[in-house]
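Asker: need coordinates for the below:
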Amino acid sequence: MPYALFREQEDTEGYFRLMKGIIQRRGIPLALYSDRYFVFCHSKKSESGGVSVIDRSKLTQFGRAVRELGVTQIFAMSPEAKGRIERANGTFQDRLGSELRLAGAKTIDEANTFLQTFLPRFNERFGVPAAQPEPSYRPLDQSLDIDGVLCFKERRSVARDNTVQYYGKTLQIFPGPDRHSYARTRVEVQERLDGRLVVCHQG
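Answerer: So this is what the prediction gives:
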């Protein structure tokens, strides 16, 4: 297990932080195997009205980010596959709960600090050698702004007064080196994990 963290809820921001931790420690994974939780994909009813199918015409924020990173998403498509994921999680969670009690961790911050020493020990005891020895991670290109990928992105139109509306906030855009006004252009607003809002125009 390359990385883990505790969150108060299972949400997109948490998975962005998880992905960032994995990349910082191992590199960019070639693929991710997950269930069909709403953070990972949009789903819709099949034409027969039976089991829901993945709507690959729409990406979630997380799906968009991993696509930008060149990561292949693989979804568990059967109860058996989902069971394999849950069994692995169960082994991890059972052992971790006992260890946290022994360590006296009582807050999320304390638990996350404890994880840093727990994970190497857990991997050493329960890790299984890969059937194929080839690396399953790509090194992170230092020119890649990982914070500009693992964030929330929305497209917006710039108003005539050179402002952008973003969830009840008015963002003032200052003149750039190549133009005085961005009025009537389309821009990308990035809400980053550190709380910053960044407005981008054509990169």
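Asker: which residues in this protein form strands?
Answerer: 28-29, 31-34, 43-45, 52-54, 72-75, 137-138, 152-157, 163-166, 169-172, 186-191, 197-200 (DSSP state E).
Asker: which other helices and strands contact the second one?
Answerer: Other elements packing on strand 31-34 under the criterion 3 or more Cβ pairs under 8 Å, 6 or more residues apart in numbering; DSSP states H and E are strand 72-75. The C-beta positions use only the backbone N, C-alpha and C, and glycine is treated the same way.
Asker: mind checking the pLDDT average for the strand it packs on?
Answerer: For strand 72-75, the mean per-residue pLDDT is 91.
Asker: for stretch 186-197, same thing?
Answerer: Regarding stretch 186-197, the rounded mean pLDDT is 97.
Asker: so which of the strands of the chain is the most surrounded?
Answerer: A comparison of those by mean neighbour count, using mean count of other Cβ atoms under 10 Å, puts strand 28-29 on top with a mean of 19.
Asker: who does it pair up with?
Answerer: Under the criterion DSSP bridges, strand 28-29 sits next to strand 137-138 (antiparallel) in its sheet.
Asker: so how far is the partner strand off the chain centroid?
Answerer: Centroid separation for strand 137-138 versus its chain: 16 Å, with Cα atoms, centre = their mean, to the nearest Å.
Asker: nearest to Asn89 among the strands of the chain would be which one?
Answerer: strand 31-34 (11.4 Å; Cβ to Cβ).
Asker: looking at this structure, which residue reaches furthest from the middle?
Answerer: Seen from the C-alpha centroid of the chain, the residue lying at the greatest distance (Cα atoms, centre = their mean) is His180, 35.3 Å away.
Asker: got JSON lines for the strands of the chain, with distance to Gly104 too?
Answerer: JSON lines is the format used below for the strands of the chain (distance: least, Cβ to Cβ, whole Å):
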{"stretch": "strand 28-29", "distance to Gly104": "33"}
{"stretch": "strand 31-34", "distance to Gly104": "32"}
{"stretch": "strand 43-45", "distance to Gly104": "41"}
{"stretch": "strand 52-54", "distance to Gly104": "43"}
{"stretch": "strand 72-75", "distance to Gly104": "38"}
{"stretch": "strand 137-138", "distance to Gly104": "34"}
{"stretch": "strand 152-157", "distance to Gly104": "36"}
{"stretch": "strand 163-166", "distance to Gly104": "42"}
{"stretch": "strand 169-172", "distance to Gly104": "41"}
{"stretch": "strand 186-191", "distance to Gly104": "36"}
{"stretch": "strand 197-200", "distance to Gly104": "39"}
